[in-house]
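J.: no sequence on this one, just coordinates:
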């Protein structure tokens, strides 16, 4: 919620409707806050680049049910959806490649989604893209957790405090892979 609030000024300048949909419960997880915030900043920046005036961007968070495959992990899904042009099937396949850009007309170097994918994978998660025909595009970040603590009765306004963050220690190979 904190990251989304940083885009409120851009929302009014661009005449875009920015919505956040989060549970009115406190959800405590262990995660690297800085790295996940970088991913959200990137996804929101891209959403604003590809959303026309008088259209919406929605950021949502939901807990997914545990899979029946015996996996004891719960997945938290963060979705950034923007109304606008669809992404072609060809672009969906390549969009997470470093330096790939859907259009040369859009500013940026084409490294943000590739970098975001690396950060999410370092957390054991996945990131994907889905086109909703003639409506817009959704980026889904799925993060698995073995332990999630949910506390009822917390107002949505307190959702920014709903995550317990910690700094992960990554091995040197993972860090060098990101730098290259």
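T.: Looks like it arrived, so ask away. Since this is a predicted model, take the numbers as computed values, not measurements.

J.: wait, isn't residue 18 in contact with residue 7?
T.: Yes: Residue 18 is in contact with residue 7 according to C-beta atoms under 8 Å; the separation is 5.9 Å. No exception for glycine: its C-beta is placed from N, CA and C like everyone else's.

J.: so who does residue 152 touch?
T.: Residue 152 is in contact with residue 25, counting by C-beta atoms under 8 Å, 6 or more residues apart in numbering.

J.: if I look at it, how far off is residue 90?
T.: In this structure, residue 152 and residue 90 are 45 Å apart, going by C-beta to C-beta, to the nearest Å.

J.: Then residue 49?
T.: In this view, residue 49 and residue 90 are 19 Å apart by C-beta to C-beta.

J.: lowest confidence element among the helices and strands of this protein?
T.: helix 172-179 (a mean of 48; mean pLDDT, DSSP states H and E).

J.: Of residue 49 and residue 90, which one has the most company?
T.: residue 49 (15 against 9; other C-beta atoms under 10 Å).

J.: which residues sit against stretch 121-132?
T.: Stretch 121-132 is contacted from outside by 31-32, 35-36, 39, 81, 86-87, 92, 95-96, 113, 116-117, 120, 137-144, 168, 170, 174, 178, using C-beta under 8 Å, 6+ apart.

J.: can you rerun that using 6 Å?
T.: Contacts to stretch 121-132, defined as C-beta atoms under 6 Å, 6 or more residues apart in numbering, come from residues 86-87, 92, 95, 117, 120, 137-144, 174.

J.: Okay, and which of the residues you listed map to strands?
T.: Here DSSP state E is the test, and those give 137, 138, 139, 140, 141, 142, 143, 144 as lying in strands.

J.: Centre of the chain to stretch 125-132, how far?
T.: Counting by C-alpha atoms, centre = their mean, to the nearest Å, stretch 125-132 is centred 9 Å from the centre of its parent chain.

J.: give me the low-pLDDT residue ranges for the chain?
T.: 1, 5-6, 8-12, 66-71, 103-110, 153-180 (pLDDT under 70).

J.: Next one: residue 35 relative to residue 147, how far apart?
T.: Taking C-beta to C-beta, one finds residue 35 at 19 Å from residue 147.

J.: repeat for residue 83
T.: Between residue 83 and residue 147 the computed distance is 36 Å (C-beta to C-beta).

J.: burial count for the nearest residue to residue 144 once chain neighbours are set aside?
T.: Excluding its sequence neighbours, the residue lying closest to residue 144 (C-beta to C-beta, 6 or more residues apart in numbering) is residue 73, at 4.1 Å. Neighbourhood size, residue 73 [other C-beta under 10 Å]: 14.

J.: likewise residue 61?
T.: Using other C-beta under 10 Å: residue 61 sits among 18 other residues.

J.: Looks to me like it is in a strand.
T.: Yes: assignment of residue 61 by DSSP: H, G, I helix; E, B strand; the rest coil places it within a strand.
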